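# Need a 3D model of the sequence below.
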Amino acid sequence: MKNFLHGSSLRSITLSLISTGFIALAMSVSFAGAQEEEPAPAQESTAPAKTASSAKSAVPAKSAAPAKTAQSADPAGAEKTAGTTTFKDAMKAATEKSAAGNPEGARADLAEAMKLATKPNEKGYAQMGIGDTYAKEKKYEEAKAEYAKVEALNPPPAVLQRAQGGMAKVLIAQKKFDEARAIYAKTLAKTDLKPNDKIAAQTGIARCYLAEKNYAEARKAFEKILTFEGITDEQKAAVQKQIDAIAGK
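Sure thing, here's the model as predicted:
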């Protein structure tokens with residue numbers, strides 16, 4: 001056990017690999033890939049601008065009303081949440097509230113984002129974000145239920161893979177390693193998988209074996225990553241350090 005736990009480095013290396021893929025639970029990861037909507041262009045005024053002299057002659061100085069500030073004109077405006085305007089704003093508000101330890105507020109903004117979303121990937125990211133908030137609270141059954149809803153939205157493959165990665169990490173937290181490995185294996189079976197997603201899925205399998213203290217299988221799982229196309233030198237070095245850390249166990 002002592003050798004396994006010499007593994008602050010072991011865990012940090014593994015987590016550094018996971019961060020390249022799709023199973024990060026932080027809300028910022030969930031939202032980063034969502035496409036941002038462009039704001040509508042401001043409408044131009046058709047009324048001619050008044051000159052200083054005409055404005056002065058038209059309104060006596062003593063009777064002129066003070067100009068309203070944005071806040072006095074709309075005192076409620078300062079209290080509006082970002083989630084009432086665009087998908088991008090709702091997602092940003094959810095990220096901030098989750099980071100501030102307000103998961104219920106984050107879920108409310110994510111629900112608003114679902115209403116404002118116009119594209120499959122946007123709906124997928126918002127739904128995945130709801131699962132992330134529950135996972136962050138360690139409410140694993142609720143998290144799994146929310147992650148499962150992503151597939152029904154028919155999102156792009158990248159979004160679905162990240163949601164499945166979130167599901168797999170929850171299963172690992174519940175010590176349901178066989179179920180987690182099955183999800184990673186399903187991901188690896190895809191032919192259009194990007195290198196980082198492939199590395200993340202294979203690393204997930206290795207993590208399952210490590211958690212079970214099955215070091216021989218964990219080593220094999222890590223060694224397989226070294227054979228993947230598209231792996232960078234930095235990633236190879238990180239994987240090799242992981243292999244070296246479990247050597248002899």
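# which residues of the chain fall in helices?
Per DSSP state H, the chain carries helices over the ranges 2-5, 8-18, 27-32, 52-58, 70-73, 87-99, 103-116, 120-136, 140-152, 157-173, 177-188, 195-211, 215-225, 233-246.
# Distance check, the nearest residue to Ala126 once chain neighbours are set aside against Tyr140.
Excluding its sequence neighbours, the residue lying closest to Ala126 (Cβ to Cβ, 6 or more residues apart in numbering) is Ala113, at 4.1 Å. From N, CA and C alone the C-beta is placed, and that goes for glycine too. Distance of Ala113 to Tyr140, given as Cβ to Cβ, to the nearest Å: 23 Å.
# of these two, who's got more company?
Comparing Ala113 with Tyr140 by other Cβ atoms under 10 Å, the one with more neighbours is Ala113, at 28 against 17.
# quick one, what contacts the more buried one?
Gly83, Phe87, Ala90, Met91, Ala94, Glu122, Ala126, Gly129 (Cβ atoms under 8 Å, 6 or more residues apart in numbering).
# Give the burial count for the third one, as a bare number.
Ala90 is flanked by 27 other residues according to other Cβ under 10 Å.
# Next, find the distance separating it from Gln164.
When Ala90 is compared with Gln164 (using Cβ to Cβ), they lie 24 Å apart.
# pLDDT score assigned to Pro120?
Per-residue confidence at Pro120 stands at 86 (pLDDT).
# shouldn't it be in contact with Pro156?
Yes - because the distance of 6.5 Å satisfies Cβ atoms under 8 Å, Pro120 is recorded as touching Pro156.
# Thank you, goodbye.
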